[in-house]
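Chemist: what's the 3D shape of this:
(chains A, B, C and D)
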Number of protein chains: 4
Amino acid sequence: MIESVSEIQVRYSETDMMGIVYHGSYLPWLEIGRTQLLAEVGMPYREIEESGLFLPVLEVNVAYKRPAKYDDRIVITTQLREKPIVKIRMDYELHRDGLLLATGYSVHAFMNREGQAMRVPDFFQEAVERLL
Amino acid sequence: MIESVSEIQVRYSETDMMGIVYHGSYLPWLEIGRTQLLAEVGMPYREIEESGLFLPVLEVNVAYKRPAKYDDRIVITTQLREKPIVKIRMDYELHRDGLLLATGYSVHAFMNREGQAMRVPDFFQEAVERLL
Amino acid sequence: MIESVSEIQVRYSETDMMGIVYHGSYLPWLEIGRTQLLAEVGMPYREIEESGLFLPVLEVNVAYKRPAKYDDRIVITTQLREKPIVKIRMDYELHRDGLLLATGYSVHAFMNREGQAMRVPDFFQEAVERLL
Amino acid sequence: MIESVSEIQVRYSETDMMGIVYHGSYLPWLEIGRTQLLAEVGMPYREIEESGLFLPVLEVNVAYKRPAKYDDRIVITTQLREKPIVKIRMDYELHRDGLLLATGYSVHAFMNREGQAMRVPDFFQEAVERLL
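Modeler: Down below sits the predicted model:
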């Protein structure tokens, strides 16, 4: 398993009129978690796309346990548990002060610049296998 | 089953640098679908909140089949399939020109102004049962 | 002067914890106003970009007079007052039930696919001059 | 003059199909700049709102000089140049690697919980005057 920890601070723009964080605001946070994990594995997502590889989202899921609020510091724990073959899955946990706020996962395809699905490139496979 | 159909047109602000709609932009669309369904059942969400009842999101899931693009007209089909008891679940399908782009679901609690979970209020139960 | 009228309905995702519409949510609305104007002039923005012309924002300004709220129907009036030469400026007014909520303007460059500034293309100039 | 410096890293969700940062994504950044300045002055915005004082945006302006891109580190410099009386104005500059990307300003009212405009509260006035 590869695990990475990121932290964000809730922005005012991420709240809604219920007085808490808008549920859709969590998706960019999960994205911060997985790009952080990829950077730590040696593959910054900016460079991945520049090399012509894209990881579009096939599925995303978030389960909300407790509300996040404006100005909260949220710790995002991202896990890559399995070797990616044709897809890659990441799992997430969000905590504030040790309290679990939400869990989630995302599944991604590997796609080339023309929008065609492709197998996991060797450089990606190797970078991940070194650490898994 | 209660079914409702809404339509949106993709905004430029909803795209990302992959040239397609950002995956997080779908969540406000699902919300448009379910508020449209609630309005058709006789319970505009604005009035629901004004009466002191809130439907916070407990879980959301989206499966992306084909990319949506800028300026696309997207048809959102929302279904309420089961009588809500302590939670309410909505199911969604998004189409463009008859082509399935994405499916999803959301699960919501019933919450009062103090943030406490509550049973489904009678007026809500009755409005739904008339149509289910 | 060319004038165009659009209408949007405020989404829950566009509100913030102040209980009103987040000030940044107005920018996509101005964009809906100007793309509607361009479509009415015979130049849908999707086609403009497909032809290799882009209109990046050089400046944007919004003055907020009264708060917009969830579920409000907002009428966006967009005006093109002057013949564009190297830049194009649009002016906006937002109303709810005849009440002025906000005014704004945006200024745009004409840019080619390589990101270089260019003069207004002939087809654009002519489409606008026919109506101004 | 009171000056504060913040830094953000551009999120994927903040880009659009032009391949650069969506112009509306800058508004939450300006907000990060001014809340950072208020925190350094001893008035975290969360506490300001909890005390019943709100600073709704009356006007916002952004001038875009050079595009910001995904993953860029952006330095936000926020300045409070004048003593607030009935309004407060903040000025902003955004840089990447010393290069000016954008300038902007925002003007805010002082509002109580009932949505009524009010004079600048003494605690706010004093905190600012100590540093101006």
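Chemist: residues of chain A that sit close to chain B?
Modeler: A:17-18, A:20, A:23-24, A:27-28, A:49, A:54, A:56-64, A:67, A:115 (CB under 8 Å from any CB of the partner chain). For the C-beta atoms, the positions are set from N, CA and C on the backbone; glycine is no exception.
Chemist: buried subset of the residues you listed, written for ChimeraX?
Modeler: Entered in ChimeraX, the line below selects the buried ones among the residues of chain A next to chain B, by 16 or more other CB atoms under 10 Å in any protein chain shown:
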select /A:17,18,20,23,24,27,28,49,54,57,58,59,60,61,62,64,67
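Chemist: just the residues of chain A next to chain B that are near chain D?
Modeler: Among the residues of chain A next to chain B, the residues within reach of chain D (CB under 8 Å from any CB) are A:27-28.
Chemist: which ones among the residues of chain A next to chain B are found in strands?
Modeler: When strands are assigned by DSSP state E, the members of these inside them are A:57-64.
Chemist: with pLDDT and distance to B:Gly98 added, can I get those in a markdown table?
Modeler: Shown next, in a markdown table, are these (pLDDT from 0 to 100; distance: CB to CB, whole Å):
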| residue | pLDDT | distance to B:Gly98 |
| --- | --- | --- |
| A:Val57 | 98 | 23 |
| A:Leu58 | 98 | 22 |
| A:Glu59 | 98 | 22 |
| A:Val60 | 99 | 24 |
| A:Asn61 | 99 | 27 |
| A:Val62 | 99 | 29 |
| A:Ala63 | 98 | 32 |
| A:Tyr64 | 98 | 33 |
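Chemist: close to chain C, is the longest helix seen in chain A?
Modeler: Counting residues, the longest helix found in chain A (DSSP state H) is helix A:26-40. No - with CB under 8 Å from any CB as the measure, helix A:26-40 is seen stopping short of chain C, the closest distance being 11.6 Å.
Chemist: just the CA trace of that helix, in PDB.
Modeler: What follows is the C-alpha trace of helix A:26-40 in PDB, where atoms were taken according to Å, rounded to 0.1, in the frame of the first residue of the first chain:
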ATOM      1  CA  TYR A  26     -14.800  17.700  -1.400                       C
ATOM      2  CA  LEU A  27     -14.000  16.500  -4.900                       C
ATOM      3  CA  PRO A  28     -11.200  19.000  -5.500                       C
ATOM      4  CA  TRP A  29      -9.800  17.900  -2.100                       C
ATOM      5  CA  LEU A  30      -9.700  14.300  -3.100                       C
ATOM      6  CA  GLU A  31      -7.900  15.400  -6.200                       C
ATOM      7  CA  ILE A  32      -5.300  17.300  -4.100                       C
ATOM      8  CA  GLY A  33      -4.800  14.000  -2.200                       C
ATOM      9  CA  ARG A  34      -4.200  11.900  -5.200                       C
ATOM     10  CA  THR A  35      -1.900  14.400  -7.000                       C
ATOM     11  CA  GLN A  36       0.100  14.600  -3.800                       C
ATOM     12  CA  LEU A  37       0.400  10.800  -3.700                       C
ATOM     13  CA  LEU A  38       1.500  10.800  -7.400                       C
ATOM     14  CA  ALA A  39       4.000  13.500  -6.700                       C
ATOM     15  CA  GLU A  40       5.500  11.500  -3.800                       C
END
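Chemist: and for that helix, what are the contacting residues?
Modeler: Residues external to helix A:26-40 that are found in contact with it (CB atoms under 8 Å, 6 or more residues apart in numbering or on different chains): A:2-6, A:8, A:44-45, A:48, A:60, A:62, A:64, A:68, A:74, A:76-78, A:80, A:90, A:92, A:94, A:102, A:104, A:106, B:23-24, B:27, D:11-14.
Chemist: which among those residues count as buried?
Modeler: Neighbour counting over these (16+ other CB under 10 Å) leaves A:2, A:4, A:6, A:8, A:45, A:48, A:60, A:62, A:64, A:68, A:74, A:76-78, A:80, A:90, A:92, A:94, A:102, A:104, A:106, B:23-24, B:27, D:11-14 as the buried ones.
Chemist: what about these, which are in strands?
Modeler: Using DSSP E, A:2, A:4, A:6, A:8, A:60, A:62, A:64, A:74, A:76-78, A:80, A:90, A:92, A:94, A:102, A:104, A:106 are the members of the buried ones among the contacts of helix A:26-40 that sit in strands.
Chemist: quick one: A:Phe54 and B:Pro67, what's the gap?
Modeler: Per CB to CB, to the nearest Å, A:Phe54 is found 11 Å from B:Pro67.
Chemist: same question, A:Glu49
Modeler: To B:Pro67, A:Glu49 is 15 Å away according to CB to CB.
Chemist: cool, and A:Tyr45?
Modeler: From A:Tyr45 over to B:Pro67 the distance is 18 Å, taken as CB to CB.
Chemist: same question for A:Arg89.
Modeler: Using CB to CB, one obtains 20 Å as the distance from A:Arg89 to B:Pro67.
Chemist: ok, A:Ala117 next?
Modeler: Counting by CB to CB, the gap from A:Ala117 to B:Pro67 is 12 Å.
Chemist: the nearest residue to A:His23 once chain neighbours are set aside bridge partners, please.
Modeler: Leaving out its chain neighbours, the residue that sits closest to A:His23 by CB to CB, 6 or more residues apart in numbering or on different chains is B:Val57, at 4.1 Å. The partner list for B:Val57 in beta bridges (DSSP bridges) reads B:His108.
Chemist: over to A:Gln9?
Modeler: With DSSP bridges as the rule, A:Gln9 is bridged to A:Arg73.
Chemist: for it, give me its contacts.
Modeler: Residues near A:Gln9 by CB under 8 Å, 6+ apart: A:71-74.
Chemist: can we see that at 10 Å?
Modeler: Going by CB atoms under 10 Å, 6 or more residues apart in numbering or on different chains, A:Gln9 touches A:70-74, D:32, D:35.
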